[in-house]
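# Any chance you can model this:
(2 chains)
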Amino acid sequence: MKAIACWNKSDAEKILRTEALQGDAAVFAAIHTPLRSIKVSGPLAASLSETSEHSVLSLLSATEREHALCVVRGHPGTGKSHLIRWLRAHWNVEGDEPFLVPRTDGSLTGTLRRLREQLGSEYESLFAGLADESRVALAGRANDFQSRIANSLREGYYEGTPPVHAEFCARNKVYDLIGSQRVLEKWSAPRRILQILSGSGADGEHSERDQESAKFFLKDIAELAHAAFAERALSPAAGLFRTPLHREAQKLQPLLEAGRSDAEIRKTLGDDAIPNSLKLVEALNARRNDAVRDLLGLGRHALKDLFRKLRIELKARGKRLVLMLEDVTSFEGVDDQLIEAVIQRADVEGNEDLCRLVAICGVTPDYYEEELSKLGNVVDRIDLHVVLEGDGNVLATEETRRTFAGRYLRAIRAGVPALSTSTAPPNRCSHCVQRSECHRAFGVARVDEDEVGLYPFNARALNTLFEELEDAKSRGKLVQTPRGFLKAVLAPTLFEPQHLVDGGFPTAQVETTWHPERARHRLGPAGGVMGRALEARTAGLGPEDQQRVRRLMAWWGEWKAPQTARDDESGELTFGTVPKGVFDTFQLPWVGDESAPVIVKADHPEKARTSDGAATAPEVLPRGRSSHPPAVTNAPLAGTRDAPGVDDKKEDRREEKKKKPEKRFRASGADERSSQLATWRDGGALENDGFWNGQLARLVAALPWAELEIDPWTQQEFFTPELVTLDGTTGRRLTTYFFVPREDVIANGLEALASLDSDPETSPEPNWYSVAECMRRLGELAREHVQRLFQNEKEARWDFRPRLAQALLARAYIRGRTRPDAPLIDQWAVVLERGGEITDFGRERVDSWLAWEKETRLVADLPNLFELALVAGSPDDKADRRSTLLDVSTVAAALVRFSRTLRFDDEGPAQELRGDKFVLIRKFLEWTKAPTQIDKVARFERDRLRRMLDAIDAAAGRRSMSEHLEEARTVLNTATAQALDLVPHHAVEWQKLCTEIFGSAETPSLDPMWERVDREVEALTADSAEGPRVDALAGPEALSWCLSRRADEISKAHSQLNRLDALIAKLTADLKNRVDTKLGGADDLEKQLSKVANTLTEALDRIDSLLEVAGE
Amino acid sequence: MSVFSNPQGRPPGVRALLGLLAAFPEGLTLKEIQAWMSPASDRANADDETGEGTSKTRLSNTMGVARSLKLIEGVGDRHRVAADVAAATDLATLVHERFVATQDDSDRLLVALYAFIVCRSQQEGGVSWLAQVTNKELADAAEAAFKATGDEHARITVNTTRFASWKEWTGFVGLGFDGIPRAPVFFLPEATVRIGKELELLGTELGFDQAHAAAKVIGALSERCPYLDGGSAHRALATALGLQEQMQLSPILSRALRGLNTAQRITLEGGGDTSGSLTLVSDGVNRAQPFSRIRIRAPQRAS
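Numbering: from 1, shown residues only, chains lettered A, B, ... in the order given. Below is the predicted model of the structure:
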């Protein structure tokens, strides 16, 4: 289809700039969209048979109506003026005197001028002395206004009770501050308020005026504080006051910059934080009306009096006054008078001289809430509330938007001269030679009986351009309104028809300042899958054409999926749902593919069948593009529950999806995501970094750790959500942080994941692959990170598991749980043993051995934790650990090495490892770094045992233990019994030792320990005689030898034999001593002496012989 | 015994088994293997004959898989790593070879089901269709297609209970991803890793850094990977599914070649105007790309 400009720019301007055409009834009729469902309330609402505009008109214009006050409430641009103008156009009641005050004339002076004009010269006397047009320029009036406001803050300005905060203003000499030269020059508030009151809006242009409130806000106080801060010529009181005011301004600033309203600021900061600012703003607003009136030269009741006089005049002429004010906001300053005038009923006592009145006033919700509802009992006197929602209800659905646009397109194409109030505009599409092609490519709107082409828009462009509208200045204004639609959706395109012909469309103007920044860059290089697709597919184009393609796809296309498809009806190729014909019309190169499968639409099931009626393919397993008859005919149709146990949730979801309306894709969220990630990727700060790091952590957690050969311990220690972080999102640079670099593949993956999260069912296939590729890259990065963390001095990755296994085995050795010459699987079992209490074989060792044992006590649970590090595959907390297998590939070999050499593997990474588990490992491994190696300790212990066994053997006189001990028992029993009175304390000691060795003195029996010790001694003797000497054993053999000795029993035997020897020695010495003493004192008892001497001599002989045996 | 009749025999377990046996060249008895690989908490069940729900079952399955894939061999009552496995540098490639060469009807599932997915994706222009089917539907459709081949594929049965194992082994050999968060597919076919390895091996035969006719390289590749375009399994299923022979490569092969080209491991050269040229199908982001020659780049070895 050839691009044509089927309308004139001038017609578009005339019709879309409706405010300039307020008198053109034909245009109004051509573009008017009837309001069929208006929200109404109030006492009169019950009388409405339906909620259409016609019903409202009938109700209000009823001839019998004495009085009515109707408030049309709606945000700027929702169509209040349009409705009021429509009411005016259709108000046709004899005897009524309707006055329409349009928004453009909505200043007080404008209103008075219009009233004057409409009433004519016969009413001229009513206006005498009222608000003549002033010759003073806005700047001059602003200065006057500011001076009056400043004066009104002086003490004694008012007669009687002054407005609020008079004492506060006087004390701080606020008038001095406001009236100062610098503030006069820098403070913009007075000018803004006057602009609003004069009907030109804060921005000074009628077109941008949005019924802003003509009052002071906190932003004005902040500006005042900043301006006054540098002022030198201030009174001391005002000079002091500006300091706290400036401090408060600094608190206000960030919130003001964030576009917060006053109410939000007060909620955020609390009134206590900004007491001076709040008082000042209240004081100024309380004095504003007086200043405005003074400025306009109006008395306090001048306007009210005017209307009263007018109504008296009209009453005299038998007329009813119908006052239609498109926007009351402009009357701020005198609005109280105006409202008072329109609420006065003629049918109450005292007002009999007033004419009947129907007043219809347009107000914004803000004005209604903040001003109108404060004016006494005005709200109670409103007879009918008409509320227009943001979209004015003519743009509520995609269909109504199409129709709304269609009316304008039809009128604009017809041209202003062709419009009339009596007939519908001619539809130029009806006679267009390109009609069918154009309507197929761009779509149509059904307007009345006409099919109006949406060219150069399509339905999607109208929707997305409208739905993305935002208040460009972040003032929280509602801009998705009919006015917004005209200004920011239709006008930018329809004002520039020549670009369609010269190949410049879609122009940059399509993306207006009412569209947020993020949307204006939609589908740029960071624009998700489609953005990447466009980047790749338009690589050969110039920058202008690249931008045109981008804009076309961003607004005209369904850009979630860069899919080339073929329309089943027309056979035309589409890319992102934009038909190839649209590209051709806009003189853009086709960026889709040259072929695509036929899309079989779900609402045409018959198309899934061949002519013979056979199913060509299951709906979910379509046959695709094959031209051959299918070889497989028995594949079940999708959704056929032909077998029990058909899984699963997916089918249920499909069913649910069929029932549900299609979810609207939230473009704004996608734009924000793209924008945030693009900024980050290009080196900027990442907005919403908490969210993105969380997303990253999810991907990291889902990595195939087993495939990456990263054990579960390392994963759990070094890849926690706290440590996984996108580059630049934390100021800390700990080596343990897993920093993920700014790479395309990462940004794409994160964006794709967010897209999948928002709608996994419809997120396009490339997103799956983007996530997969991102995960693959993250896997590589994770391996590199682990390599860095665990890099040893040889720059190889240190695996802690073999080393830890060796340490645990060493610990088991010194605790006597196993020994190097035991079967390796038995040793392995002990390594993973829970608890692993020290055995008798582990006690009573050489000091260095016991010191090591002590150091290893802190890790009682380490074997259990260690097992987790060996789980083959990713650990699943829910899985029963019993059913898993352990990967001991590296551990088994390490244990073999260690059990054969008692040497630990290398020392581990050069850097100190962090993380709870690794701190524990480090502590645990510390003891293995002690200068005394385990084989040395084993040798010490070997020597100690050897010495003890030698000593035992010697003590026993190379006889068996039983033989030796039995003889000692006999001797000691005899000696202590015969010389009890001589050595009583030795007898007691013997009794004790005897009990330890023999169990009981009465029924003595040797502990089996002595037999085992006997065997140890015998083995040692045999070893010395024939086999390898114990002294020659080293390393694991020495350790095994030690561990196979009952060191506790050897020590005990050695100790008891020592004590036995010591007792005998002491007993001998004592007896000798006592005998000498006794003999010296008994010179007359020769016979007794001889007997005792014989006994003792005999005992001593036996002891001597025993001692001799004992080697003493 | 086959891989897929041992559903608990999965790659990490097999890799662990091989690692253990490698540490004991003389081999280990089953009891020893069990002692090494069972967690301590399961030791108490060592004498449990059934081994229900314990590592014993998993080990038995793992051993079964390792034997099916001829990764281990028995010597008396001992088991040890097969000689060629010990010499292999890449277990995944070896396992892939085993799956390709298997004569076991059950184990043919890996190649056959993948070939089915390649063919169906070729018909659909992508793999999105996988998100629309239930496991049962996929199994039924694949089995019907196998039967329709009339050759040895017809003996392959598809049971959804084997899908979990199939996904893991297919992913292990480098043919796709399992567990992509939020992706609505049970498995995401993606053959870049496998094809990269196979082309590297082909490079040693055909020569690195030389321009080879695209059809020749793809033909040789399909011999090593019979599930890819032109491979024996692919041909059988393409016929059964009524897929026309075409110059456009399957989306799965196209994606892999495009990825390798971007990663500069291969270079796709020539345009579509040469006879024997092939075309990478569009993946949405990139348009269809014709090429007639492939240059396999010599692998960059770490110094």
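# If you average the pLDDT over stretch A:51-62, what comes out?
Across stretch A:51-62, the average pLDDT comes to 92.
# typo on my end, it should be stretch A:832-840
77.
# Identify the residues contacting the helix or strand residue A:87 falls within?
Per DSSP states H and E: residue A:87 is located in helix A:80-90. Counting by C-beta atoms under 8 Å, 6 or more residues apart in numbering or on different chains, helix A:80-90 makes contact with A:18, A:22, A:25, A:28-29, A:32, A:35, A:53-54, A:56-57, A:60, A:72-74, A:98, A:100, A:102-103, A:324-327, A:360, A:362-363, A:386, A:388, A:392, A:482, all of which sit outside it. To be clear about C-beta, it is placed using only N, CA and C from the backbone, and glycine gets the same treatment.
# show me where pLDDT drops low in the stretch 1-150 of chain B?
The stretch 1-150 of chain B contains residues with pLDDT under 70 at B:43-53.
# Might you name the residue of it sitting closest to chain A?
Across the stretch 1-150 of chain B, the shortest distance to chain A (C-beta to the nearest C-beta) belongs to residue B:19, at 2.2 Å.
# burial measure for the residue nearest to that residue when sequence neighbours are not counted, as a count.
Ranked by C-beta to C-beta, 6 or more residues apart in numbering or on different chains and with sequence neighbours excluded, the top spatial neighbour of residue B:19 is residue A:889, at 2.2 Å. By the measure other C-beta atoms under 10 Å in any protein chain shown, the count of residues near residue A:889 is 24.
# Equivalent analysis for residue A:290, please.
17.
# That one: what's it in contact with?
Neighbours of residue A:290 in contact, by C-beta under 8 Å, 6+ apart: A:148, A:152.
# and it, which of the three is it?
helix (DSSP: H, G, I helix; E, B strand; the rest coil).
# Let me know the pLDDT of it.
The model's pLDDT for residue A:290 equals 83.
# Could you do the one 4 residues further on as well?
Each residue has a pLDDT score; the one for residue A:294 is 78.
# these two touch, right, it and residue A:148?
Yes: contact status for residue A:294 versus residue A:148: in contact at 5.3 Å, counting by C-beta atoms under 8 Å.
# mean confidence for the next helix or strand after the helix holding residue A:87?
Sequence order places strand A:96-101 as the next helix or strand after helix A:80-90, per DSSP H and E. For strand A:96-101, the mean pLDDT works out to 86.
# try stretch A:347-358
88.
# mind listing what's buried in it?
Residues of stretch A:347-358 classed as buried: A:351, A:354-358 (neighbour count, 16 or more other C-beta atoms under 10 Å in any protein chain shown).
# Residue A:555: how many residues sit nearby?
Count around residue A:555 with other C-beta under 10 Å applied: 27.
# Not counting residues beside it along the chain, what's closest to it?
That would be residue A:461: by C-beta to C-beta, 6+ apart, it lies 4.8 Å from residue A:555.
# Count the neighbours of the one you found for me.
Neighbours of residue A:461 (other C-beta under 10 Å): 26.
# so what pLDDT did it get?
Reported pLDDT for residue A:461: 94.
# The residue of the stretch 1-150 of chain B closest to chain A and residue A:887 touch, don't they?
Yes: at 6.5 Å, residue B:19 and residue A:887 qualify as touching, with contact defined as C-beta under 8 Å.
# Okay, and which of the buried residues of stretch A:347-358 map to strands?
Assignment to strands by DSSP state E places the following of the buried residues of stretch A:347-358 there: A:356-358.
# Adding distance to residue A:1017, write those out as TSV.
Output for those, formatted as TSV (distance: C-beta to C-beta, whole Å):
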residue	distance to residue A:1017
A:356	134
A:357	130
A:358	128
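# nearest to chain B, of those residues?
For these, the nearest to chain B is residue A:358 (60.1 Å; C-beta to the nearest C-beta).
# residues touching that closest one, list them.
A:60-61, A:65, A:67-68, A:70, A:96, A:320-323.
# now, which of the residues you listed lie within strands?
Using DSSP E, the contacts of residue A:358 in strands are A:67-68, A:70, A:96, A:320-323.
# rewinding a little: list the contacts for the residue of the stretch 1-150 of chain B closest to chain A?
Contacts of residue B:19 by C-beta under 8 Å, 6+ apart are A:887-890, A:892.
# Reformat the residues you listed into a markdown table and put pLDDT, distance to residue A:957 and secondary structure next to each item.
Shown next, in a markdown table, are the contacts of residue B:19 (pLDDT from 0 to 100; distance: C-beta to C-beta, whole Å; DSSP: H, G, I helix; E, B strand; the rest coil):
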| residue | pLDDT | distance to residue A:957 | secondary structure |
| --- | --- | --- | --- |
| A:887 | 92 | 58 | coil |
| A:888 | 93 | 53 | coil |
| A:889 | 91 | 57 | helix |
| A:890 | 90 | 55 | helix |
| A:892 | 94 | 50 | helix |
